[in-house]
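**Q** Just to be clear, the model below is a prediction. Sequence and coordinates:
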Amino acid sequence: MNTKVLTAHVPIPLAEKIDQIAARIERSRGWIVKQALSDWVDQEEDRRRMTLEGMTDVKAGQVIDHQSVQAWAESLSTDKPLPMPR
């Protein structure tokens with residue numbers, strides 16, 4: 001696999017935490033950073049996909065009103081929670 005070097009300035013406390021984790025799990029600093037970036041990119045791609053799906057639902061009128069969601073959420077801490085709004 002071809003690679004490309006990226007450089008980033010990070011706060012010293014964060015760099016120290018990365019070094020501590022790397023030592024604890026016996027991995028390199030580079031491995032830790034690559035893993036973190038991969039996970040972040042995956043998360044951002046999922047967030048974008050879900051946002052686009054949500055916008056498609058909104059355009060199609062498939063929405064649940066705020067009051068129903070709020071009532072449901074508030075009921076979750078009671079003895080008789082409401083069913084999830086659909």
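**A** Looks like it came in fine. Residues are numbered from 1 along each chain as shown.
**Q** can you give me the helices for the protein?
**A** Ranges of helices in the chain, per DSSP state H, are 12-25, 29-59, 66-75.
**Q** Name the residues of the second one that come out as buried.
**A** The one in question is helix 29-59. 32, 33 (16 or more other C-beta atoms under 10 Å). Any C-beta I mention is one placed from the backbone N, CA and C, and that applies to glycine too.
**Q** if we can go back for a sec, could I get the helices of the chain in JSON lines, plus columns for distance to residue 85?
**A** Conversion of those to JSON lines gives the following (distance: least, C-beta to C-beta, whole Å):
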{"stretch": "helix 12-25", "distance to residue 85": "41"}
{"stretch": "helix 29-59", "distance to residue 85": "14"}
{"stretch": "helix 66-75", "distance to residue 85": "4"}
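**Q** any chance of those in a markdown table, plus mean pLDDT and distance to residue 81?
**A** Listed next are the helices of the chain as a markdown table, based on pLDDT from 0 to 100; distance: least, C-beta to C-beta, whole Å:
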| stretch | mean pLDDT | distance to residue 81 |
| --- | --- | --- |
| helix 12-25 | 98 | 39 |
| helix 29-59 | 97 | 24 |
| helix 66-75 | 97 | 5 |
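**Q** Among these, single out whichever gets nearest to residue 2.
**A** helix 29-59 (13.9 Å; C-beta to C-beta).
**Q** helices or strands up against that closest one?
**A** With contacts defined as 3 or more C-beta pairs under 8 Å, 6 or more residues apart in numbering; DSSP states H and E, helix 29-59 has these neighbours: helix 12-25.
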